[in-house]
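Asks: need a 3D model of the following:
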Amino acid sequence: MTLPIAALAMLASACGKSDLAAPKKLCGVPLNEATVSPLIPQGEKLRTWDPDPLDTDPAYCYIIVDGIRAVNITVRWSDRDPNPEDWEYAKSGYKLGALRKTPFTGTAVIGSDGALISAKCNGPDKYMHFVIRLNGGRVENSQAGVEKLQHFIEDFATGAKQEAGCTA
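Replies: Numbers count the residues shown, from 1 in each chain. Here you go, the predicted model:
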């Protein structure tokens, strides 16, 4: 019996792997399974690393699958928005990187493999900056990949702003 190549590839990729449950929180921010699951690659073991609360500057948190940081997040506070040339540079740092809309007051360069987001806040530290990097088998270098990350950012960054008391 001869199997088509596509069927063999599916069998090979499924061997020894299981669907991993999405974490419920990251950086202390509740996660929506529908927005985080598409970013998590297949693997045997998932864990999160998020020892830094959002009021720590910087705060780091990761979703790690089989020892690989599948989702890397850095959160920083600043009293200013990045310069226009920083946004131009950020566009070249991500595949399909472009300025994109956010559901909150701010600026975002989002690509298929990462993003730089600046969210306006009230208070002495007026901006909350997010750097997000994706790695692993779920990075999709296409418009669909950009949309997956955009949905996650809309959910995560909005939740992080709420958790940190960042309003604007």
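
Asks: go through stretch 64-75 and flag the buried ones.
Replies: Neighbour counts over stretch 64-75 (16 or more other C-beta atoms under 10 Å) mark 64, 65, 70, 71, 72, 73, 74, 75 as buried. Where C-beta positions appear, they are placed from N, C-alpha and C, glycine not excepted.

Asks: hang on, the fifth one packs against residue 135?
Replies: Going back to what we said before, that points to residue 72. Yes: if you go by C-beta atoms under 8 Å, residue 72 and residue 135 touch, sitting 7.3 Å apart.

Asks: just the buried residues of the longest helix along the chain, please?
Replies: Looking across the chain with DSSP state H, the single longest helix is helix 143-164. Neighbour counts using 16+ other C-beta under 10 Å place 145-146, 148-161, 163-164 of helix 143-164 among the buried residues.

Asks: residue 128 bridge partners, please.
Replies: Residue 128 has these beta-bridge partners by DSSP bridges: residue 77, residue 119.

Asks: the one 5 residues further on too?
Replies: Beta-bridge partners for residue 133, by DSSP bridges, are residue 72, residue 114.
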